[in-house]
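[1] sequence first, predicted model second:
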Amino acid sequence: MLRPVILCLLLVAVSSETWKVEFNNNAGSCPAHKNVDQSCKAIVVGAGPGGVYSAWRLQTSGKYGRGEVCIFERNNRVGGRVNSVRGFFPEHPKWTFDVGAYRFHTVFHPMVTALHEHFQVPIRCYKNPIGLNPECSSVLRGAYLRGQWHNADELKTSDGLGYNIDADERWGPENSGAPRTGHPRTYDYLFGNPGLPELASRLASGAFDTPATAWQAVDDISREVQTATFQGIPYSQLSLAEYASLNGVSDEALHFFFDADWETGETALSRQSLEYLAIEYARYFALLSEKSGDMHIAVTEDDLPAGYDTYLMKMLDAFTTAGGRVYFNNQLTDIEIEGNCPILEIGGHYYKPESAVLNMPSWDLMQLGRWSSFWQRSSPEFLASLGSLENYPLFKVYLAYNDAWWYTKLNWDNGRVKTSKWTTQMRFHDGVTECDNVAQKINCRGALLATYMTDDGWWNNMRWADSNTKEADPWSTQVIKFRRGQSSAQTEYFIDQIHQRVFETLHDAFLEAGLTEAEINTLQAQKPYAAIGGDWANQYASAVHIRQPSNNEVNWFSQQKPIQGVNLFLANEGFGMPTAWSEGSLVAAERVMAQHFGLPMPAINIPRQYWETFQKWD
C-alpha cells in the first residue's frame, strides 16, 4: 500500500484537439479486469470546486447514464481547501467561518460568480458586514511597520515610515515631482513604474477600453510574453520582484512593498513569473472592460456569512439528483497504468474507468511515490511543469470576543491592518460582527480575523500540540478549534499570544481613538473566549499554488495530461488561472470538459470571450 494521498481542491484539464480524438478512440476499449470495478465510467477524485464541477458537468451532459459518474473524496465533506465550519459556537448557531477559501470577485472570477447565480445563492459585498459600507470600499486603517504604528494618513507619504526610500521612489505631497502618487503596489511594477511594456503600452493606447479590443489584447499579450525577454532573460524565468530590482527599484523600497503587503497576497504575486502575471492581469483588464465589481461572499437570509461551500453543496445535490454517485471517506492511494487504461486504488478497492479527473494538488500527487507507474510514465515536460509550482502556506485564526471592540471602540466595521513584524494581517470585515443595535453599538459581539499570514517561523516553532485543537483525522484540513477552559494550557498560550500581538499592533490606534492607557489595559484583559481557524502551513494540507519562474519552456497549461495515450487528467488552480483561487480550479476543470469531453460552453452566465480565451491557453 502506498502512502495515503490527501485530496484537496484540484481538478483535471485537457488541452488539445488530439486529446479529444484520442479519448473518443479509446472509449470503452479498456478490457474487463478481474476484481476491478468498471461500473464508474468516469471517476472524479476529490470533491473540491473543480471536482464537484467536473462531476456535475459530466453527469448532466447526457454522455453518461445514471450511476456512471462517480466522485471519490478522502474527507467526509465537499470543498477541499474550501472548508466552511458551522456549529462551533453553540451560543451563536448561525455563525459560519471559512477557515480556507472564503471570497470571490464578481468581475475577476466569472465562473464562481455565475455558479452562485445559477444555484441561487445570495451574496453580498465582502467588506460590508453590518451595512455601513454599501459602496464596498477597501480601507487601509494603518500598518505596524518596523515596530511603529502608522495610520492611513501617515501612509500617504513615504516620509517618516522608517524606510530609507530613494528620492526617485518617494511618494506624497511633500515630495514634489516624485514619480509615484502613492505607495508601490503589484500593478505599479507590472504596468506603472517600471511596468511591463506589453501591458503598459496597451493600457496607454486604450486597448482595454472596450471588450472587443480588450480580449484581442489578451490574445496578443499571451502570445508575446511567451517569447519576451528582459535583459536577455525570458519572462518565464523572471519573478516580478526580480524584474523590479533589475529595473532599479531599491532594496528598501522592495522591503516596504513586502512588509506592507496590502492584501496578504502581493508577496506571493511578486514571486510569480512575469509571463504568468502578464497574462493574468491582461485578463483582469479585459473583464473590467465589461463590468465593475468587488469581492463578495455567500450570505444567509440574516446577511451573515453562509459559507463558501454553499454553492458546492447545491451543485453536489444537483449532481446526485441527476444520478451521480458520491463516496466520502475514500482515499486514492495508487494509480497504475495497464496498457492505456488507468487503474485507481481507492479505499482498498480497484477501479478501471474510461477516464479519470484528479481534483488534487501537486503535493498529493507527489505522495504517490516514484515507484508508481503514474510517475514512471509521466512525460518529462509534465514533471518539469509540476516542479515550477510552489506550495504556498497560509494560516488564519478568528478570535471570538463578547465585545466587538474593533467596532465599539475603534469604530471600524471594515478595513485592514498589516504588520511587518509578524507577517500578519487583520481584517475587520472578515468573520462576524453582530449588534442588537448597530447604530447605537448596543451589545455588539463577534469574531475577528486576527491573523492571516504565511508561515513565518513563529507559527512553525509553536505548532499546535493539543489533540483537542484540530480535527481528529491527521490527514484533515487541520481546522484549529479552541475554547477557553476546554483546551490545553499550551493551546491557550498560543491563542493569547495572537491576542497580545493584536493589541500591541493596535495600541497607538486605540490612543488615536481617544482611549486611555488604563482603558486599553482593561480591554486587553478581556481575552478571547474561543478561536477557530485553518492551518494550511503543514505537510498535510498545503494552501495554494503559485507559479514560480522556471527554466521549463513548456507552457504549463498544456501539461494537464501527464501520460500521453491515457485518459487521466490533472489540474487544480495551479494549472488554471488565476492560481491560488477557486476560479482557477473551475477554469482548469472547464478546459477538461470542453477539450477532452467535447462539452459545449456551460449554460451559466459567463462571458463567451472569457471562455474562448482560456480554451486557447496552450
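    Looks like it came in fine.

[2] residue contacts, residue 137?
    Applying Cβ atoms under 8 Å, 6 or more residues apart in numbering to residue 137 gives the contacts 127, 414. (C-beta placed from N, C-alpha, C; glycine too.)

[3] begin at 297 from here
    Okay, using 297 as the starting number, the last item reads as residue 433.

[4] residues in contact with residue 534?
    So residue 534 contacts 526, 542, 569, 570, 845 (Cβ under 8 Å, 6+ apart).

[5] of all those, which comes closest to residue 698?
    Nearest to residue 698 among these: residue 569, at 47.0 Å, using Cβ to Cβ.

[6] that closest one touches residue 844, doesn't it?
    Yes. Between residue 569 and residue 844 a contact is recorded at 6.6 Å, counting by Cβ atoms under 8 Å.

[7] between those two, which contacts overlap?
    535, 684.

[8] when those two are compared, which one has more neighbours?
    residue 569 (25 against 17; other Cβ atoms under 10 Å).

[9] next, count neighbours for residue 810.
    9.

[10] oh, I was asking about residue 528
    Count around residue 528 with other Cβ under 10 Å applied: 5.

[11] same question, residue 791
    Around residue 791 there are 25 residues (other Cβ under 10 Å).

[12] and the gap between it and residue 577?
    Per Cβ to Cβ, to the nearest Å, residue 791 is found 38 Å from residue 577.

[13] determine the longest helix present in this protein.
    Scanning the chain for the longest helix, with DSSP state H as the assignment, gives helix 785-808.

[14] show me what that one is packed up against.
    strand 436-441, strand 444-447, strand 690-697, strand 712-715, strand 720-730, strand 741-749, strand 775-779, helix 813-821 (3 or more Cβ pairs under 8 Å, 6 or more residues apart in numbering; DSSP states H and E).

[15] follow-up on the earlier one: which among the contacts of residue 534 count as buried?
    526, 569, 570, 845 (16 or more other Cβ atoms under 10 Å).

[16] include distance to residue 663 and pLDDT when you put these into a markdown table, please.
    Formatted as a markdown table, these follow (distance: Cβ to Cβ, whole Å; pLDDT from 0 to 100):
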| residue | distance to residue 663 | pLDDT |
| --- | --- | --- |
| 526 | 37 | 94 |
| 569 | 26 | 90 |
| 570 | 31 | 91 |
| 845 | 25 | 89 |
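
[17] with respect to residue 360, which of the residues you listed is nearest?
    Of the buried ones among the contacts of residue 534, the one sitting nearest to residue 360 (Cβ to Cβ) turns out to be residue 569, at 38.0 Å.

[18] now the closest one: closest residue in space, sequence neighbours ignored.
    Using Cβ to Cβ, 6 or more residues apart in numbering and skipping the chain neighbours, the partner closest in space to residue 569 is residue 845 (4.4 Å).

[19] could you report the pLDDT at residue 876?
    For residue 876, the pLDDT comes out at 87.

[20] so what's it closest to, chain neighbours aside?
    In space, residue 876 is closest to residue 840, 3.8 Å off (Cβ to Cβ, 6+ apart).

[21] identify the bridge partners of the closest residue to residue 748 other than its chain neighbours.
    Excluding its sequence neighbours, the residue lying closest to residue 748 (Cβ to Cβ, 6+ apart) is residue 692, at 4.5 Å. For residue 692, the beta-bridge partners are residue 748, residue 830 (DSSP bridges).

[22] pLDDT weak spots in the stretch 597-746 of the chain?
    666, 717-719 (pLDDT under 70).

[23] which secondary structure elements does the one helix or strand residue 539 maps to contact?
    Assignment of secondary structure by DSSP states H and E places residue 539 within helix 536-542. If contacts are counted by 3+ Cβ pairs under 8 Å, 6+ apart, helix 536-542 sits against helix 482-487, helix 547-556, helix 562-566, helix 570-584.

[24] could you dump those helices into JSON lines and include distance to residue 620?
    Shown next, in JSON lines, are these (distance: least, Cβ to Cβ, whole Å):
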{"stretch": "helix 482-487", "distance to residue 620": "40"}
{"stretch": "helix 547-556", "distance to residue 620": "45"}
{"stretch": "helix 562-566", "distance to residue 620": "35"}
{"stretch": "helix 570-584", "distance to residue 620": "31"}
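
[25] closest one to residue 380 among those helices?
    helix 562-566 (23.1 Å).

[26] can I get the CA coordinates of that closest one in PDB?
    Presented in PDB, the C-alpha positions along helix 562-566 are these (Å, rounded to 0.1, in the frame of the first residue of the first chain):
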ATOM      1  CA  GLU A 562       1.200  40.800  -3.100                       C
ATOM      2  CA  THR A 563       4.200  39.000  -1.600                       C
ATOM      3  CA  ALA A 564       3.100  35.800  -3.300                       C
ATOM      4  CA  LEU A 565       2.400  37.700  -6.500                       C
ATOM      5  CA  SER A 566       5.800  39.200  -6.500                       C
END
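
[27] mind checking the helices and strands packed on helix 536-542 for the one nearest to residue 364?
    The nearest among these, by Cβ to Cβ, is helix 570-584 at 34.8 Å.

[28] ok now stretch 362-372, how far from the chain's centre?
    Centroid separation between stretch 362-372 and its chain, computed with Cα atoms, centre = their mean, to the nearest Å, is 24 Å.

[29] give the buried residues for it.
    Applying 16+ other Cβ under 10 Å to stretch 362-372 flags 364, 365, 366, 367, 368, 369, 370, 371 as buried.

[30] and that stretch, how far apart are its ends?
    23 Å (Cα to Cα, to the nearest Å).

[31] got the contact list for that stretch?
    Taking Cβ under 8 Å, 6+ apart as the rule, stretch 362-372 contacts 300-303, 335-343, 347-348, 351, 354-355, 612, 615, 618-628, 640, 642-643, 647, 649, 769, 771-773.

[32] what's the ChimeraX syntax to select whichever of those are buried?
    In ChimeraX, this line selects whichever of the contacts of stretch 362-372 come out buried by 16+ other Cβ under 10 Å:
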select :301,302,303,336,337,338,339,340,341,342,343,347,348,351,354,355,612,615,618,620,621,622,626,627,628,640,642,647,649,772,773
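
[33] show me the contacts of stretch 362-372 that map onto strands.
    338, 339, 340, 341, 621, 622, 623, 628, 640, 642, 647 (DSSP state E).

[34] let me have these in a markdown table, adding distance to residue 634 as columns.
    What follows is the ones in strands among the contacts of stretch 362-372, written out as a markdown table (distance: Cβ to Cβ, whole Å):
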| residue | distance to residue 634 |
| --- | --- |
| 338 | 18 |
| 339 | 15 |
| 340 | 20 |
| 341 | 18 |
| 621 | 23 |
| 622 | 26 |
| 623 | 22 |
| 628 | 17 |
| 640 | 11 |
| 642 | 16 |
| 647 | 12 |
